[in-house]
Each structure stands twice: as structure tokens, then as C-alpha cells.
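Student: Sharing a model prediction with you, sequence too.
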Amino acid sequence: MLRGATLRVTRPRLAVLAAVHAHPHADTESLLGVVREELPGVSHQAVYDVLRALTGAGLVRRIQPSGSVARYEARVGDNHHHVVCRSCGSIADVDCAVGEAPCLTASDDQGFSIDEAEVTYWGLCPECAAAPATT
Ligand SMILES: [Zn+2]
Ligand SMILES: [Zn+2]
């Protein structure tokens, strides 16, 4: 994948890419922990830089629901959406409703040529919905 994106293959890049594949929607801190199991000396900055390079090359997608830190996933290019739990912040994938961007047709496109609609569904995950109210 790295070579296909003309990125030099380095151990941190391989480790970060593998970590993103294994842990979809993980944040930088979690990915750092996973990468350090393989490369104990890797710095936070190195992982951050690799994530930026992978995102720029289109190998990794960066998402950031409001109120959340940036999260990364290796499922790219299929215009899928996300459902986010308001209570615990867990994130799950939701397939694109029509299979291609922009998915939703704007009620009025204002003359813009629209190529993407970013949809985030909000609600409660099954665990949180089942938990008794704590208030
Ligand atoms: Zn939840
Ligand atoms: Zn996703």
C-alpha cells in the first residue's frame, strides 16, 4: 500500500498503518500505544507525522466528530458515514446510503457543484441505551 502511494516504506509507517487497520476509529494516543508494542522507542511526534503522511496519501482517513479528538481508519474511498454515541463516544461505520458521494442531495445547492456530504449520525450505542440512567 505504501509503495502504491509512493511513500517510502519505513518501520514506523508500516507499524502505524497496521495499527490503523487493526483498530478502526482509534485516536492518536491509542495508536501510539499499539505502535509502541512493536517499536518501543517511537515518539508521539513520529506517529503524528506518519498519520499525517498516510492521510495525505489517501491510505488513511481522518475523522473528527464534534467533541472528539481526531480518529483514524483504513477504510477509505467508499464514502461511508459514522454513527457516534453521545454518551460514551464509541463510533461505528454506516454504509453510504446510495453507495457514492455526495450521498445526500442538497435541497438547494445554491449553484455550488457539490461532491461530498459529510453525515454523522448521533445517538446512543446499544450498551449505553441499555444502561440505567445515572442522573
Ligand atoms: Zn455508548
Ligand atoms: Zn469508519
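Tutor: Happy to help now that I have it. Ligands and ions are numbered 1, 2, ... in the order given.
Student: how far away is Cys88 from ligand 2?
Tutor: To ligand 2, Cys88 is 17 Å away according to Cβ to the ion, to the nearest Å. In this view, the C-beta of every residue, glycine as well, is placed from N, C-alpha and C.
Student: which element is the closest residue to that residue other than its chain neighbours on?
Tutor: In space, not counting the residues next to it along the chain, Cys88 is nearest to Cys128; the distance is 5.5 Å by Cβ to Cβ, 6 or more residues apart in numbering. If you go by DSSP states H and E, Cys128 is part of helix 126-130.
Student: and that helix, C-alpha only, in CSV?
Tutor: The C-alpha trace of helix 126-130 is given here as CSV (Å, rounded to 0.1, in the frame of the first residue of the first chain):
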residue,chain,number,x,y,z
PRO,A,126,-26.6,-0.4,22.4
GLU,A,127,-24.7,-0.6,25.7
CYS,A,128,-25.5,3.0,26.7
ALA,A,129,-29.1,2.6,25.6
ALA,A,130,-29.4,-0.4,27.8
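Student: and it, what does it pack onto?
Tutor: With contacts taken as 3 or more Cβ pairs under 8 Å, 6 or more residues apart in numbering; DSSP states H and E, helix 126-130 sits against no other helix or strand.
Student: That one near ligand 1 at all?
Tutor: Yes - in terms of Cβ under 5 Å from the ion, part of helix 126-130 sits within range of ligand 1, namely Cys128.
Student: contacting residues around that helix?
Tutor: Taking Cβ atoms under 8 Å, 6 or more residues apart in numbering as the criterion, the residues outside helix 126-130 that touch it are Cys85, Arg86, Ser87, Cys88, Ser90, Gly123.
Student: top of those by neighbour count?
Tutor: Highest neighbour count within the contacts of helix 126-130, by other Cβ atoms under 10 Å: Cys85, with 18 neighbours.
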